[in-house]
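Participant: Just need the structure, nothing else, for what follows:
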Amino acid sequence: MAASVFLFVAVSLACLSVSGNLVSGNKSFTIDYINNCFLKDGKPFQYISGSIHYSRIPQYYWKDRLTKMYMTGLNAIQVYVPWNFHETVQGVHNFTGDRDLEHFLDLANQTGLLVILRPGPYICAEWEMGGLPAWLLMKPNIVLRSADTEYMQAVSNWLAVLLPKIKPWLYINGGNIISVQVENEYGSYHMCDYNYMRQLRSLFRYFLGEDTILFTTDGNTDKEMTCGSLQGIYATIDFGTENNISDAFARQRRFEPRGPLVNSEFYTGWLDHWGDQHAVVDAQKVSRMLGEMLTMGASVNMYMFEGGTNFGYWNGADHDNRFRSVVTSYDYDAPLTEAGDPTEKLLAIRDVIKQYREVPSGPMPPATPKFAYGFVTLRKIGNFSSLLKTLSPMGPIQSQYPLTFEQVKQYYGYMLYRTTLPRDLSGPTPLICPLNGVHDRAYVSVNGVYRGLLVRDTTLVMNITGQQGDTLDVLVENMGRVNFGSKINDYKGLLSNLILGKDILTDWKIYPLDIDGAIAGGWPQSSTARGKEPSVGPTFYTGTLEPNGLARDTFLKLPEWTKGQVWINGMNLGRYWPSRGPQQTLYVPGPLLSTTMPNNITVLELEGAPAHLRVLFMDWPQLSITAKKP
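Facilitator: The predicted structure follows:
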């Protein structure tokens, strides 16, 4: 290993030594294949970057987070562009508010940060469907992440919107984007379709020009680097603290013999799934390995530098042996917390960076103020059967057999399937999902009385009783589409028939539920709340956090609540599931709260609320079941 390190250092020093005889003309960013480095304006350049996802941070806090990254000593940031965040509905593009990509790029530029852009079209990122829009699945035979004609037509249409917006922000055009990734970790996908990658390369070149540095990123195996790299696109690698640095960069060298060493994703932490232990990566390991890579002359991007939050329904999922949904928090044990607060890990990283470049003088911006607003008691509104006119104003779609979310263009959230029992059930009768077709959780009621759950991969049979003609309601929850691996074509809803005893259930009324639209429109008012007694099964509750003149970040805990979704002042904070864990609190950004008007809280509890119906606003996050206040 010592010999390898010496070789890398020697290459780095050779690169640094060429700067004296290069003349800077117009703004340029290129690769020096002779001296194995990047050249910025003709001079050797090493980037020290951190990943930040604008889609996981309220726009109000973008500048704060970017400033903290700059003050740590970073000279670049790495940014994903989630296609589905900007084109949730096919052909309708949204680049406003929290989706204003160009404003984010401008703030980074004002802050002094270069940008490494990762526009996909697939991004992974533990984001819903890896950033691909769910409407792609309306084409039942579509082959995602391939040269499939239908897929490539959609990709081409999207890139024809996105890339012209990006082009003025390229460094060579006077902006701050120094390089652009093509696809993302394609070598970890089963297709290995070089024709697909060639078509993407052509699209990127057409819209961004021949002088833009395009790159790929792949995992630290020969297979991944083989299928993910392509001639004409610079191949980089990613790896974390458990890997051997010299071995990893030697692998990059086998696929990219000349040019700079680049770790595009150096893992400062890791993600959590519901039911996991909260992931933690040692700060000293991170800082030590960062220093070793910088000594070699490598450019490094730390993934994540700040993770943020999977607000709404934007969390992804994994599917190896079974379906595993990603939690709402994307804190990632990163140097900046979910709420943007500096950590000991950040300070250790800054101490390392000081040895390699001048860190901006002045104090690190402080943590944003937090406030413990205390307990709020909620009141019950009602269950779905009593609220369908409000939540599904267009009424049901009638179908002999179940339809998926995608077939009725209900891409996220929840959908209600309703039919009647075909005969008397004198004793407990099995309700069966024979083909594992519940994606992902189904809450079953008869005549409005909750009877239990069907769960993807784990609970495919339950017993019910009732009389012929009784109403059978099946509320299906989409827990986030798979974002990694071969199962990203992850349809939602009831994908197959349900069988009751020996009868296939038919004649369904399918209600697309626009819960977010109803809440954004002002429903429910607290005056509509009906009772103080909790119900079992899917039920809405509401209450108000009274103003106290402060609008500070806070963390919402739902002690003894089971599982569900929370909205405050119309914003969907995400999912809670404290009984499964590890996450116990939801991040509430301060700017969301009013200092003068009552703050409306809406909770959809899916299984069972506690008798006290209280929620608690705390001044610290609890991302682990066993976490104590710092």
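Participant: Can you pull out the low-pLDDT segments for the stretch 101-250 of the chain?
Facilitator: Within the stretch 101-250 of the chain, no stretch falls below the threshold (pLDDT under 70).
Participant: Tell me where it has strands.
Facilitator: Using DSSP state E, counting those that start in this stretch, the strands of the stretch 101-250 of the chain run over 114-118, 177-181, 214-218, 234-240.
Participant: So what does residue 293 look like in phi/psi?
Facilitator: phi -70, psi -40 (degrees, to the nearest 10).
Participant: how much space between the residue nearest to it when sequence neighbours are not counted and residue 489?
Facilitator: Spatial nearest neighbour of residue 293, excluding adjacent residues (CB to CB, 6 or more residues apart in numbering): residue 300 at 5.1 Å. Backbone N, C-alpha and C define where each C-beta goes, glycine included. Applying CB to CB, to the nearest Å, the value for residue 300 to residue 489 is 34 Å.
Participant: Repeat that for residue 545.
Facilitator: 41 Å.
Participant: Same drill for the two, tell me which one is more crowded.
Facilitator: Taking other CB atoms under 10 Å, residue 545 and residue 489 do not tie; residue 545 has more neighbours (22 against 17).
Participant: show me what contacts that one?
Facilitator: For residue 545, the contacting residues are 373, 376, 568, 593, 598-599, 601, 617, by CB atoms under 8 Å, 6 or more residues apart in numbering.
Participant: repeat that with 7 Å
Facilitator: 373, 376, 599, 601, 617 (CB atoms under 7 Å, 6 or more residues apart in numbering).
Participant: of all these, which comes closest to residue 442?
Facilitator: Of all the contacts of residue 545, residue 601 has the smallest distance to residue 442: 26.4 Å, by CB to CB.
Participant: Which strand or helix spans that closest one?
Facilitator: strand 599-605 (DSSP states H and E).
Participant: Could you identify the helix or strand that succeeds that strand?
Facilitator: From strand 599-605, the next helix or strand downstream (DSSP H and E) is strand 614-618.
Participant: before we move on, back to that, let me have the strands of the stretch 101-250 of the chain in TSV, adding distance to residue 517 and mean neighbour count as columns.
Facilitator: Shown next, in TSV, are these (distance: least, CB to CB, whole Å; neighbours: other CB atoms under 10 Å):
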stretch	distance to residue 517	mean neighbour count
strand 114-118	31	24
strand 177-181	35	25
strand 214-218	37	24
strand 234-240	39	23
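Participant: all helices of this structure, in order?
Facilitator: If DSSP state H is used as the criterion, the helices of the chain fall at 2-17, 62-72, 83-86, 101-111, 149-166, 194-208, 222-228, 245-255, 283-295, 344-353, 388-391, 515-520.
Participant: winner for burial among the ones you listed?
Facilitator: helix 83-86 (a mean of 24; mean count of other CB atoms under 10 Å).
Participant: follow-up on the earlier one: any idea of the pLDDT on the residue nearest to residue 293?
Facilitator: In the prediction, the pLDDT value recorded for residue 300 is 98.
Participant: returning to that earlier point: distance to residue 142 for the strands of the stretch 101-250 of the chain - can I get that in JSON lines?
Facilitator: JSON lines is the format used below for the strands of the stretch 101-250 of the chain (distance: least, CB to CB, whole Å):
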{"stretch": "strand 114-118", "distance to residue 142": "23"}
{"stretch": "strand 177-181", "distance to residue 142": "23"}
{"stretch": "strand 214-218", "distance to residue 142": "23"}
{"stretch": "strand 234-240", "distance to residue 142": "28"}
